[in-house]
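Enquirer: Sharing a sequence plus its predicted fold:
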Amino acid sequence: RLGALAGQVSGSIGSYTFAHNRGGPYIRLRSTPDKFTTDYALAAKALLAEASAAWKDLSDAQRAAWTAWASANPVVDSLGEKRPLTGHQAYAGIYCRLSKATDTPCPPAAKALR
């Protein structure tokens, strides 16, 4: 039986996954799928690749501006803690959200953010 602190652990560390269910906490070997082949996953990967390619096209000054914006606007994670993003992460996240919202590869709003 795990102690009070370890009983609340969930997630993976190394090759072990910590979880709990009705039977209580347990540890199992971590399994990771070899490929993600669903249409949704492939579309998400393609959009992220597009956002990363667009990031490479930015000037150094534009990338520095995104980095400054990202450090001034941290995201709140699932535990309620503020976590700063890199400029690339912030740019890609907004790029992908705008692309999905407008259903175009690179909406005018995303170009304006550059």
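Expert: Right, received. Where do you want to start?
Enquirer: could you point out which element follows the helix of greatest length in the chain?
Expert: Ordering each helix of the chain by length in residues (DSSP state H) puts helix 39-56 first. Following helix 39-56 in sequence order, the next helix or strand is helix 60-72 (DSSP states H and E).
Enquirer: mean confidence for that following helix?
Expert: Helix 60-72 carries an average pLDDT of 95.
Enquirer: same deal with stretch 92-111?
Expert: 71.
Enquirer: burial measure for His17, as a count.
Expert: Rather than His, residue 17 is Thr. 16 (other CB atoms under 10 Å). C-beta: built from backbone N, CA, C; applies to glycine.
Enquirer: I meant Ala92, not that one.
Expert: Counted with other CB under 10 Å, Ala92 comes out at 21.
Enquirer: Report the secondary structure element holding it.
Expert: Residue-wise, Ala92 maps onto helix 87-102 under DSSP H and E.
Enquirer: again with Thr17
Expert: Going by DSSP H and E, Thr17 is in strand 16-21.
Enquirer: For that strand, buried residues please.
Expert: 17-18 (16 or more other CB atoms under 10 Å).
Enquirer: buried set for the helix holding Ala92?
Expert: Buried, per 16+ other CB under 10 Å, within helix 87-102: 87-92, 94-96, 98-99.
Enquirer: With distance to Thr37 added, can I get the residues you listed in TSV?
Expert: As requested, the buried residues of helix 87-102 are exported to TSV (distance: CB to CB, whole Å):
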residue	distance to Thr37
Gly87	31
His88	26
Gln89	25
Ala90	29
Tyr91	27
Ala92	22
Ile94	27
Tyr95	24
Cys96	20
Leu98	26
Ser99	22
